[in-house]
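Asker: Here is the input, now give the coordinates:
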Amino acid sequence: MASVHVVDNTKITYDPFFKVRPIFFELNQSYKIMPFQECLLVDESMISYYGQHGCKQFIKGKPIRFGYKVWSLASSSGYMYHMEPYCGSHTLLPETGLGQGPSVVIGLAEQAQVPQGCKFFHDNLFTTLSLMDEMTKRGYASSGTMRQNRLFDVPFAPLNAFMKSPRGTSEVLCQEKKLLVRWKDNNIATVATNMDETYTETSVKRWNRHRRAFDNVQQPKCISRYNEHMGGVDLHDLQVSRYHISIRSKKWWWPIFAWSINSALVNGHLFYRDVIGGTFDLLTFSRIVSQSLLQRFGTKPLSHGKISTECYC
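Answerer: Numbers count the residues shown, from 1 in each chain. Reported below is the predicted structural model:
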């Protein structure tokens, strides 16, 4: 670990992540070897870190609450296409003037050079009506859940009255190639999308605790599609945490360095499985990669150490 150096410390810049910036640059370039899938996810990843750093974040309710936040663009299968660490005003994403959430989605699409026609899915942190309009202009399809405080000018029914409606009730509004759908389940879900011009429904099963049986409930097709594809970034984080590097260090950049190696290994396994057609699981694949690296770059020790001559009875 004492020999690990990524950049020249004498060439420090204003970037808070200057020591690990080459890692993100090289990985983002190498990840483009995988063809873009039709459905892409935008979400945030967390790199666990409990030390002191100006870019450390706290997110309530996340499996990793303390650490570095990374804006991520991934496929529904968990393959990471582009990642950008969040460092406030120094985050290397273009400013669109539409707010932080839309700027992240549009910035990741620009930096990753996503072709037109791809479909983006994102949660309520990123979704706004202005984002839908901008994504339509750029030739992208977009769908995401929306927060209630961003619907101040949408003529939906009052929230308290809609909460009293039976499960499966939906409310639909169409605004300039945008479809706004509100659906009553255990809670109220609101989705904005520019993928559909007409409203369609599908049937899903929901548990009825009073009858102690399943009921067939009508669900909007846009919500069903969102639930089907959303979660690729979380799936990538899950695979990274399975066999992560357990070496610890007090250096602030070491968790990012270790996480990037694990992320590259997960991406390599997905490429090996989906493109090459391999059958090894992630653990076996990790062992093969480790052994090949040791055989190519490793050096054998000069001796096997001192052999103990003491006998313990």
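Asker: can you pull out the helices in the stretch 101-250 of the chain?
Answerer: Using DSSP state H, counting those that start in this stretch, the helices of the stretch 101-250 of the chain run over 129-137, 159-163, 221-229, 232-242.
Asker: Now tabulate these in CSV and tack on mean neighbour count.
Answerer: Every C-beta, even on glycine, is put in place using the N, C-alpha and C of the backbone. Shown next, in CSV, are those (neighbours: other C-beta atoms under 10 Å):
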stretch, mean neighbour count
helix 129-137, 18
helix 159-163, 10
helix 221-229, 18
helix 232-242, 20
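Asker: Least confident of those, on average?
Answerer: Among the helices of the stretch 101-250 of the chain, helix 159-163 carries the lowest mean pLDDT, at a mean of 89.
Asker: Check which helices and strands it is in contact with.
Answerer: strand 178-184, strand 188-193 (3 or more C-beta pairs under 8 Å, 6 or more residues apart in numbering; DSSP states H and E).
Asker: can you list those in CSV and add distance to residue 300, mean neighbour count and mean pLDDT?
Answerer: What follows is these, written out as CSV (distance: least, C-beta to C-beta, whole Å; neighbours: other C-beta atoms under 10 Å; pLDDT from 0 to 100):
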stretch, distance to residue 300, mean neighbour count, mean pLDDT
strand 178-184, 63, 21, 92
strand 188-193, 59, 21, 93
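Asker: how about CSV for those, with distance to residue 128 added?
Answerer: Formatted as CSV, the helices and strands packed on helix 159-163 follow (distance: least, C-beta to C-beta, whole Å):
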stretch, distance to residue 128
strand 178-184, 11
strand 188-193, 8
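Asker: Out of the ones you listed, flag the one nearest residue 214.
Answerer: strand 178-184 (17.5 Å; C-beta to C-beta).
Asker: quick one: that closest one to strand 188-193, angle?
Answerer: Inter-element angle recorded for strand 178-184 and strand 188-193: 160 degrees (by axes from the mean of the first three to the mean of the last three C-alpha atoms, to 10 degrees).
Asker: Extract the C-alpha trace of strand 178-184 and format it as PDB.
Answerer: The C-alpha atoms that make up strand 178-184 are tabulated as PDB, following Å, rounded to 0.1, in the frame of the first residue of the first chain:
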ATOM      1  CA  LYS A 178     -45.800  14.100 -21.000                       C
ATOM      2  CA  LEU A 179     -48.000  11.600 -19.200                       C
ATOM      3  CA  LEU A 180     -48.600  12.200 -15.500                       C
ATOM      4  CA  VAL A 181     -50.100   9.300 -13.600                       C
ATOM      5  CA  ARG A 182     -51.100   9.100 -10.000                       C
ATOM      6  CA  TRP A 183     -51.900   5.600  -8.600                       C
ATOM      7  CA  LYS A 184     -53.300   4.500  -5.200                       C
END
